[in-house]
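Student: need coordinates for the following:
(3 chains)
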Amino acid sequence: MSDLVELGTAADAAQSAGNLMGVFAFGVSGALLAVRRRFDVVGIAALAIATATGGGVIRDLVIGRTPPRAFVDLSYAGTALLAAILIFFWHPPVRLTRTPLNIADAVGLGIFCVTGTVTAFQYGMSATSAAALGLVTAVGGGVIRDVLAGVTPSVLSDGELYAVPALLGSAVTATLLHYGQYTYWTGGLAGAGAVALRLIALYRHWHAPMARPHRRRQDDPAAR
Amino acid sequence: MSDLVELGTAADAAQSAGNLMGVFAFGVSGALLAVRRRFDVVGIAALAIATATGGGVIRDLVIGRTPPRAFVDLSYAGTALLAAILIFFWHPPVRLTRTPLNIADAVGLGIFCVTGTVTAFQYGMSATSAAALGLVTAVGGGVIRDVLAGVTPSVLSDGELYAVPALLGSAVTATLLHYGQYTYWTGGLAGAGAVALRLIALYRHWHAPMARPHRRRQDDPAAR
Amino acid sequence: MSDLVELGTAADAAQSAGNLMGVFAFGVSGALLAVRRRFDVVGIAALAIATATGGGVIRDLVIGRTPPRAFVDLSYAGTALLAAILIFFWHPPVRLTRTPLNIADAVGLGIFCVTGTVTAFQYGMSATSAAALGLVTAVGGGVIRDVLAGVTPSVLSDGELYAVPALLGSAVTATLLHYGQYTYWTGGLAGAGAVALRLIALYRHWHAPMARPHRRRQDDPAAR
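Tutor: Residues are numbered from 1 along each chain as shown, chains lettered A, B, ... in the order given. The predicted structure is shown next:
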């Protein structure tokens, strides 16, 4: 693509490495959910790959980059597959994995919201649209994971601050890009901020507000 | 796109206004379902936006218009977000909202089946294909809403005449386009017909037929 | 597309005929699940069409062939609709349909993994990527069917060897294409091998391994 914004080789390399870290973390989260849902080995591999690459595939379809990167560069699927194999043979109890998994997932979230926004901007989207697509990239894989596993998407329903850190990371990244201040370091800071906010929200139990329920709900046949 | 069928500025403006009305109605339906499923504020906003823009995003991906309109023109997502905010602070009991919501949803359905068909035709699809895609545009957002909310898609399962009015509206619109008779007024009539048919079906309790069940079902392990 | 690999008219015709057989088989499986889930006539038709064309639509979106073939050539949707009409009026008990449906579904799987791989390769993907997309084409319709019907995707969770035969068929096809040995006959053999492996796995009750569960699960709040 000749109309790409050139971001430099260093930033590209950092993005690639970062992407693979995020892919691995998301792959682990997909594989763990598959094990808990008692999926077979195919389901574990598929859920790991779908979780890890799903956000990026959505992003690429939206910006018209076909085939999506994850289908061309199989290192993404391969990395997720490694995560699946690891979890297949060694799936420790939740008690042991909760903390490392939360950290890995937060890192993946922070990386994907930045790289998703950058990619969208490189393909000519406005800064605002790029931020929106960065958010979708960051949370999309988890939504696909939950829909395929037959559970309600956690990002929508569990009240945790998960999308908000990704949105802030995307928004800061888009602002940097818009004003020509995006570099390896400023982009990295935006991502790190998203990771930190996600982890602080997690351990301080910050919650997204829910709509105030009605006192009388018996008139609502759809409430379940 | 230089090969677009020119439909005139008045029709375009009417389409835009109509689209936003449909977006708002669908946004309300997504937000209401999210509240009833006890989603948090992020889930309410996301479900409103996904319901309101999902059909159009599918349509745009199918015709190859990337990025999809909803990612470029953020007035769609903004309108759905307004609906989400409204419902977050004021979500009246079903008893009060049923009628206005049904009317708004029917209006959205009627508008989207016409504009979806027109857009597909403008992008070079045959009249028959354009009608099929118009139907998908009209009901797609609701299917995405239900899948994300973890309920069986109502358009497929609840026996109401929902897809049929949209299909008729799409088919009439495609016929008008094919014979060069599509104007602001004829297209509006097709949409209004779909809206009317949807509302009549709703209040007369017309139902789509279901397959006759077997008398003995105990031999069917998949029946649940 | 001028950069298509020419595969000859005979192979193309065989592919078309094969695709329609697969479409019909998958349409029947979608319609049957819809009947068992007590969907209405619209749901039965929609699930048949979505199951039968879903894998191909994903494939076409991934390779950037827009509009997807299934939206242009309505014989696919029409064939699936025929399957839906058949099942709507005559949906025999599972006892009678299990064997023919299993065979038809295996044939669809074998055909789609080959044609999906060939199409991806024709559009310039590497052999490895084409094999991956062939697998997605073969199993994608079934995943869409299960998600729309509100059941956990069977390919991921039921422990049957379903994706593995498709993967082998795709891999053999991709190898043939890579070494220029793909013909009507060798491709047909690859598909037949996938069908045979699927049926042998089914009737010999070969199962994909599952991850070994923990002895103590009470520490795992996500296990349900």
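
Student: ok, the spatially most central residue of chain A to A:V62 distance?
Tutor: By Cα atoms, centre = their mean, chain A has its centre lying nearest to A:A138, at 3.0 Å. Distance, A:A138 to A:V62, using Cβ to Cβ, to the nearest Å: 14 Å. Yep, even glycine has a C-beta here, placed from its N, CA and C like the rest.

Student: and A:P153, by the same measure?
Tutor: A:P153 sits 19 Å away from A:V62, going by Cβ to Cβ.

Student: one step back: looks like the residue nearest to the centre of chain A contacts A:A166 (just checking).
Tutor: Yes - counting by Cβ atoms under 8 Å, A:A138 touches A:A166, with 4.0 Å between them.

Student: overlap in contacts of these two?
Tutor: A:L109, A:F112, A:C113 (Cβ atoms under 8 Å, 6 or more residues apart in numbering or on different chains).

Student: helix, strand, or coil at the nearest residue to A:G64 once chain neighbours are set aside?
Tutor: Using Cβ to Cβ, 6 or more residues apart in numbering or on different chains and skipping the chain neighbours, the partner closest in space to A:G64 is B:T66 (3.1 Å). Per DSSP: H, G, I helix; E, B strand; the rest coil, the secondary structure class of B:T66 is coil.

Student: give the contact list for B:T66.
Tutor: B:T66 touches A:L61, A:V62, A:I63, A:G64, B:D60, counting by Cβ under 8 Å, 6+ apart.

Student: one more: A:V28?
Tutor: Counted by Cβ under 8 Å, 6+ apart, A:V28 has contacts A:A48, A:A83, A:L86, A:I87, A:L101, A:A104.

Student: one step back: and the strand or helix carrying the residue nearest to the centre of chain A, what does it pack against?
Tutor: Using DSSP states H and E, A:A138 sits in helix A:127-149. In terms of contacts (3 or more Cβ pairs under 8 Å, 6 or more residues apart in numbering or on different chains; DSSP states H and E), helix A:127-149 is packed against helix A:9-36, helix A:41-63, helix A:94-122, helix A:154-157, helix A:163-178, helix B:69-72, helix B:127-149, helix C:127-149.

Student: so which of those helices comes closest to C:A201?
Tutor: Among these, the nearest to C:A201 by Cβ to Cβ is helix A:41-63 (11.9 Å).

Student: now chain A, which segments are flagged as low pLDDT?
Tutor: For chain A, the stretches flagged by pLDDT under 70 are A:1-15, A:18, A:213-224.

Student: swap the cut-off to 80 and go again
Tutor: A:1-19, A:91-101, A:104, A:158-159, A:208, A:210-224 (pLDDT under 80).

Student: residues near the residue lying closest to A:I63 once chain neighbours are set aside, how many?
Tutor: Nearest residue to A:I63 in three dimensions, chain neighbours excluded: A:Y123, at 4.1 Å (Cβ to Cβ, 6+ apart). Residue crowding around A:Y123 was assessed by other Cβ atoms under 10 Å in any protein chain shown; the count is 21.

Student: ok, A:Y123 touching A:V62?
Tutor: No - taking contacts as Cβ under 8 Å, A:Y123 lies outside contact range of A:V62: 9.1 Å.

Student: what touches both of those two?
Tutor: B:P67.

Student: separation between the residue lying closest to A:T117 once chain neighbours are set aside and B:G187?
Tutor: Excluding its sequence neighbours, the residue lying closest to A:T117 (Cβ to Cβ, 6+ apart) is A:G134, at 3.1 Å. Between A:G134 and B:G187 the distance is 37 Å, computed by Cβ to Cβ.

Student: more crowded one of the two?
Tutor: A:G134 (32 against 25).

Student: list the contacts for that one?
Tutor: Contacts of A:G134 by Cβ under 8 Å, 6+ apart are A:112-118, A:120, A:166, A:169-170, A:173-174.

Student: distance-wise, check it relative to chain B.
Tutor: Taking Cβ to the nearest Cβ, to the nearest Å as the measure, A:G134 falls 11 Å from chain B.

Student: swap in A:G55?
Tutor: A:G55 is 14 Å from chain B, by Cβ to the nearest Cβ.

Student: do the same with A:A70
Tutor: A:A70 is 17 Å from chain B, by Cβ to the nearest Cβ.

Student: hmm, that residue is touching A:G78, no?
Tutor: No - look at A:A70 against A:G78 with Cβ under 8 Å: they stay out of range, at 10.5 Å.

Student: which one's more surrounded, those two?
Tutor: Per other Cβ under 10 Å, whichever of A:A70 and A:G78 has more neighbours is A:A70, with 25 against 14.

Student: nearest residue to that one in space, please, no chain neighbours.
Tutor: In space, A:A70 is closest to A:T53, 3.8 Å off (Cβ to Cβ, 6+ apart).

Student: now swap in A:S154 and tell me
Tutor: A:D146 is the one closest to A:S154 (Cβ to Cβ, 6+ apart), at 6.0 Å.

Student: what sits against that neighbour?
Tutor: A:L33, A:T152, A:P153, A:S154, A:V155.

Student: what do you get if the cut-off is 10 Å, keeping everything else the same?
Tutor: A:G30, A:L33, A:L47, A:T51, A:T152, A:P153, A:S154, A:V155, A:L156, A:S157, B:L148, B:G150 (Cβ atoms under 10 Å, 6 or more residues apart in numbering or on different chains).
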